[in-house]
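In: What follows is a protein structure lacking sequence information:
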């Protein structure tokens, strides 16, 4: 690692705070430095410039994994099961709809719908699932199918990504999550996964969706096989696509959770590295409007501190989360805890949609009351699933 002086870091931060775009070399210098306080302060100043409003936001949704059966082999994933595994499942449709009903009752306006790369389901199966959801819950946004899933659909159905996305959008798909990005560098992807979409195709899924008028989020999972320069390359690929399409609404990063995975020998990245990387992302991604805190992986206090390191959003209450939980990281917060974390920093907590539109205050009040009556987290249970 090259040792950078405080003056190098200070000069970069001054330029960035003044509105100049960071270069990749600048971002690498910041990641290589240990000036966490200075980098965080600059990221917070940029966040305040981009979001001068007196509130900070959160969302209420549910991460529903409709299947854990997956043909890809990801060394970092503790959630997936092979097609022949006795632990593989596909949610019964009635269970899926019940989960959405519970989410709506607790004030949720969205579901995050993701699964593994199932080898057998044709596109019609996914269309019917979306249509069933929209028939019963027309007001709920379906934030669904990460780029690896969508690319997989093109292979199984021998269809173009344009056709796949057009059909899913017509069936009810509202937005796309940024899952499966990990690090958008082919060397890293080849080292930690097999049978999964590579960098250019991941980006092209998003490019096509954005050109159709759709929005999506962008993510990064770091602290495993990548170098610091490759973290910057990942950010640079996202920024370049955003310059082209303007379709990303938010960026979320988190540290690799090694427990119960084939990469459990890798020491977990700590809070210092998380906060520094998020702050650098805020400084570098000058064209992505929102940065979400990852309290799900970092816990309440670091998740709250992230709002002073470039984040302007606490992320989701997340009534259900299975993938990170399988890796041994289980942080559950109530809605009051999320709102209190925002209030303690001097901001007003406000509920939002996935498109960062504020929820009507009366609906927000009802959601608060509903969650106080039932502040629980539901997870997939064996008796709720069917093995195909």
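Out: Perfect, thanks for sending it. Everything quoted here is computed from the prediction, not taken from an experiment.

In: wait, residue 244 sits on residue 204?
Out: No: at 11.3 Å, residue 244 does not count as touching residue 204 under the criterion of C-beta atoms under 8 Å. Placement of C-beta: from N, CA and C, glycine included.

In: which of these two has more neighbours?
Out: residue 204 (15 against 12; other C-beta atoms under 10 Å).

In: what about the strand or helix carrying that one, distance to the chain center?
Out: Residue 204 is part of helix 199-211 when elements are defined by DSSP states H and E. How far helix 199-211 lies from its chain's middle: 16 Å, per C-alpha atoms, centre = their mean, to the nearest Å.

In: Please identify the buried residues of that helix?
Out: 199, 202-203, 205-210 (16 or more other C-beta atoms under 10 Å).

In: With distance to residue 186 and pLDDT added, can I get these in CSV?
Out: Shown next, in CSV, are these (distance: C-beta to C-beta, whole Å; pLDDT from 0 to 100):
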residue, distance to residue 186, pLDDT
199, 5, 97
202, 10, 97
203, 12, 98
205, 16, 98
206, 17, 98
207, 17, 98
208, 20, 98
209, 21, 98
210, 22, 98
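
In: Report the helix or strand with the lowest average pLDDT across the protein.
Out: strand 385-386 (a mean of 37; mean pLDDT, DSSP states H and E).

In: What segments of the protein are strands?
Out: Secondary structure of the chain (DSSP state E): strands at 55-59, 61-65, 73-74, 90-91, 110-114, 141-144, 173-175, 193-194, 216-222, 248-255, 290-292, 313-316, 348-351, 385-386.

In: what's the least confident stretch among the ones you listed?
Out: Mean pLDDT across the strands of the chain is lowest at strand 385-386; the value there is a mean of 37.

In: Quickly note the distance from residue 186 to residue 254.
Out: Distance of residue 186 to residue 254, computed by C-beta to C-beta, to the nearest Å: 21 Å.

In: So between these two, which is more surrounded?
Out: It is residue 254, of residue 186 and residue 254, that has more neighbours when counted by other C-beta under 10 Å, with 24 against 11.

In: from memory the more buried one sits against residue 297, does it?
Out: Yes: the pair residue 254 and residue 297 qualifies as a contact (C-beta under 8 Å) at a distance of 4.3 Å.

In: anything in contact with each of the two?
Out: residue 274 (C-beta atoms under 8 Å, 6 or more residues apart in numbering).

In: average model confidence for stretch 334-345?
Out: Mean predicted confidence for stretch 334-345 is 96.

In: If you could redo that for stretch 11-20, that was the one I meant.
Out: pLDDT averaged over stretch 11-20 gives 96.

In: Could you do stretch 354-364 as well?
Out: On average, stretch 354-364 scores 97.

In: Buried residues of it, list them for me.
Out: 354, 359, 364.

In: Can you tell me how far the second one is from residue 113?
Out: In this case it means residue 359. 20 Å.

In: Equivalent analysis for the first one, please.
Out: Spatial separation of residue 354 from residue 113 under the definition C-beta to C-beta is 12 Å.

In: hey, what's in contact with both of the two?
Out: residue 143.

In: In contact with residue 271, which residues?
Out: Contacts of residue 271 by C-beta under 8 Å, 6+ apart are 298, 302, 305.

In: residues touching the closest residue in space to the first one that isn't next to it in sequence, list them.
Out: To tie it back to what came earlier, the one meant is residue 298. Spatial nearest neighbour of residue 298, chain neighbours left out: residue 274 (5.9 Å); criterion: C-beta to C-beta, 6 or more residues apart in numbering. Neighbour list for residue 274: 253-255, 294, 297-298, 302, 306 [criterion: C-beta under 8 Å, 6+ apart].

In: Done for today, thanks.
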